[in-house]
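Q: kindly return the folded structure for what I paste below:
(one chain, ligands or ions: 1)
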Amino acid sequence: MTGPAEVRCMLMRGGTSKGAYFLADDLPVEETARDELLLRVIGSPDPRQIDGLGGAHPLTSKVAVVSPSAHPEADVDYLFLQVAVDKAEVSDRQNCGNLLAGVGPFAVERGLVRAGSSETSVRIRMVNSGDFAMATFPTPDGRVDYSGDTEISGVPGSAAAIVIEFPPREGQMLPTGNVRDAVGGIEGTCVDNGMPTVLIPAAALDVTGQEAPEDLESNRELAARIHEIRLAAGQLMGLGDVTDTTVPKLTLLSPPRHGGAVTTRTFIPARVHTSIGVLGAASVAAGLRIEGSVAQGIAVLPDGDRLRIEHPSGFTDIESSVDRGQGGLRSRRTAVVRTARKIFDGTVFPVPPTGGRS
Ligand code: NQM
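A: Numbering: from 1, shown residues only. Okay, the predicted model is just below:
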């Protein structure tokens, strides 16, 4: 299996992440061949990803595969692939709401969706989860305009706002059926509003919850506890053995320090997020609103739907509301503002299969 020697590719920042965007048609159809090619494109496995597009961190080692959708409620299908940095592994087991921010603009740039004369809305089916989203962004003169004055924490400067709305989600918001569970010796709330997440009071793990990501990552005792809790939560949440998967995420909660609703530190799952994922934030926001969750007594809930989630590089504002549907608690609406930017568009040359990798 040799795969193509060059592939059409667009590198984009999506929210606080960065990834390689492809049309599905430009990649091999067969999954093993596709993943093997993507490892060579991104430069994995290698902690520096020196010979590929990856940025040596899970947040910059990502791929979006976009295609026209056959679904009547979607314009395009978006498949997210997480490329491991130091393992030869490509996973479709999680979704990514940050790369999602680039999917609408990419669909317009590639001619999958025709741009409106001032703004464009693209209906996106997220293949990983089966959920839907709608992204709306400026397209003056029928072209994507990435420039604007919207700032998001974790990204220098400003860019055009991309409004992402998630319709009501019928899925089970409490995958264990409980508001609180004993997981790995502590009490947590397992919640899924687009990203399976375990909410844990930071104090239960003897940390303040406002440590820098690198300080949390270098705490070996904490890493062992996090691993143990994650494995237990994976079983309880019906995800099976999660040793080698990137979900569930674990979010440590502590009181807000800057006027928001809560302070977060999120394990994704070994590295600590430098901000917070979009769907991760959606799950945290939903968890905060669930009566009796571990967030009670920690989070400060404002009036109205908008919540400010504090994280290591600032905050994410997210609108969310939860109600009780026939099948239990469900998310009524979630909306968030992101930005994205085209960094390059062209041809990527993957390392040849015999490129010296052992
Ligand atoms: O939760 C990182 C990111 C993400 C996921 C991760 C994300 C989301 O920030 O929607 O975007 O949690 O692995 O890119």
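Q: list, one by one, the residues from the stretch 201-350 of the chain near the ligand.
A: Thr246, Lys249, Ile268, His273, Gly277, Val278, Leu279, Gly280 (C-beta under 6 Å from any ligand atom). Every residue, glycine included, has its C-beta placed from N, CA and C.
Q: need phi/psi at the third one.
A: So the one you mean is Ile268. Backbone dihedrals for Ile268, given as degrees, to the nearest 10, come out at phi -120, psi 40.
Q: I'd say it and Val247 touch.
A: No - with contact defined as C-beta atoms under 8 Å, Ile268 does not reach Val247; the gap is 9.1 Å.
Q: distance of the closest residue to the ligand within the chain relative to Val179?
A: Going by C-beta to the nearest ligand atom, the ligand is nearest to Gly277 of the chain, at 2.1 Å. Relative to Val179, Gly277 is positioned 23 Å away (C-beta to C-beta, to the nearest Å).
Q: comparing those two, which residue is more hemmed in?
A: Legend: neighbour count by other C-beta atoms under 10 Å for Gly277 and Val179, higher for Gly277 (30 against 17).
Q: would Tyr21 count as being in a strand?
A: Yes - applying DSSP: H, G, I helix; E, B strand; the rest coil, one finds Tyr21 inside a strand.
Q: give the contact list for it.
A: Residues in contact with Tyr21 (C-beta atoms under 8 Å, 6 or more residues apart in numbering) are Cys9, Met10, Leu11, Met12, Val63, Ala64, Val66, Leu99, Gly102, Val103, Phe106.
Q: highest neighbour count among those residues?
A: With neighbours set by other C-beta under 10 Å, the maximum within those is found at Gly102, which has 33 neighbours.
Q: surely that residue is in contact with Leu11?
A: No - if you go by C-beta under 8 Å, Gly102 and Leu11 don't touch, sitting 9.7 Å apart.
Q: hey, what's in contact with both of these two?
A: Common neighbours of Gly102 and Leu11 (criterion: C-beta under 8 Å, 6+ apart): Gly19, Tyr21.
Q: need the next SSE after whichever strand or helix holds Arg34, C-terminal direction.
A: Assigned by DSSP states H and E, Arg34 belongs to helix 31-42. Note on helix 31-42: by DSSP H and E, the next helix or strand toward the C-terminus is strand 62-68.
Q: got a list of contacts for that following strand?
A: Here strand 62-68 makes contact (C-beta under 8 Å, 6+ apart) with 12, 14, 17-25, 27, 38, 41-42, 75-83, 90, 96, 99, 102-103, 106-107, 110, 112.
Q: what do you get if the cut-off is 6 Å, keeping everything else the same?
A: Residues outside strand 62-68 that contact it (C-beta atoms under 6 Å, 6 or more residues apart in numbering) are 17, 19-22, 24, 38, 76-79, 81, 99, 103, 106-107, 112.
Q: what mean pLDDT does it get?
A: For strand 62-68, mean pLDDT is 98.
Q: now stretch 78-86
A: Average pLDDT, stretch 78-86: 97.
Q: is there proximity between that stretch and the ligand?
A: No - Stretch 78-86 does not reach the ligand (C-beta under 6 Å from any ligand atom); its nearest approach is 6.8 Å.
Q: so how far is that stretch from its chain's centroid?
A: Its chain's average C-alpha position is 11 Å from that of stretch 78-86, according to C-alpha atoms, centre = their mean, to the nearest Å.
Q: just the buried positions in that stretch, please.
A: Tyr78, Leu79, Phe80, Leu81, Gln82, Val83, Ala84, Val85 (16 or more other C-beta atoms under 10 Å).
Q: can I get those residues in CSV with secondary structure and distance to Thr334?
A: Shown next, in CSV, are the buried residues of stretch 78-86 (DSSP: H, G, I helix; E, B strand; the rest coil; distance: C-beta to C-beta, whole Å):
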residue, secondary structure, distance to Thr334
Tyr78, strand, 17
Leu79, strand, 21
Phe80, strand, 17
Leu81, strand, 23
Gln82, strand, 21
Val83, strand, 27
Ala84, coil, 28
Val85, coil, 29
